[in-house]
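Peer 1: need coordinates for the below:
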Amino acid sequence: MDKKVCQSCGMPMDDADVMFGTEQDGCKSSDYCEFCYQNGAFTMNGDIDEMVETCVPFVMQGSLDVSEADVRAMLKEILPDLKRWKNR
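Peer 2: Coordinates of the predicted model:
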């Protein structure tokens with residue numbers, strides 16, 4: 001089974017009760033994490049470059065052996081394939 005990732009920021013979503021965002025009716029979103037999507041709307045309305053810069057520090061926290069430049073490059077490669085950014 002493929003690991004579920006947020007279709008906005010790429011964060012792994014492991015715990016459905018905690019990690020999934022919510023639709024306007026309060027149901028869990030199947031595509032977006034709680035940090036990117038709440039009450040049926042995105043929490044950050046910037047472009048993909050702003051999302052990359054927002055995500056870099058969080059990825060760096062869990063990646064002690066990876067440079068900031070490598071994290072930024074990885075995000076620039078991954079994010080464009082996610083549902084939110086794919087057709088932009």
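
Peer 1: give me the neighbour count for Asp25.
Peer 2: Other residues within reach of Asp25, judged by other Cβ atoms under 10 Å, total 7. Bear in mind the C-beta positions are built from the backbone N, C-alpha and C, glycine included.

Peer 1: and it, what pLDDT?
Peer 2: pLDDT, Asp25: 96.

Peer 1: residues contacting Met51?
Peer 2: Met51 makes contacts with 8-9, 44, 75, 79, 85, as judged by Cβ atoms under 8 Å, 6 or more residues apart in numbering.

Peer 1: out of those residues, which sit inside helices?
Peer 2: In this view, the contacts of Met51 that belong to helices under DSSP state H are Leu75.

Peer 1: of the contacts of Met51, which pair is most distant in space?
Peer 2: Put simply, by Cβ to Cβ the two of these set farthest apart are Met44 and Leu75, 14.0 Å from each other.

Peer 1: who has more neighbours, those two?
Peer 2: Neighbour comparison, Met44 and Leu75: the larger count goes to Leu75, with 21 against 13 (by other Cβ under 10 Å).

Peer 1: nearest residue to that one in space, please, no chain neighbours.
Peer 2: The shortest distance from Leu75 to any non-neighbouring residue, by Cβ to Cβ, 6 or more residues apart in numbering, is to Val52 (4.6 Å).
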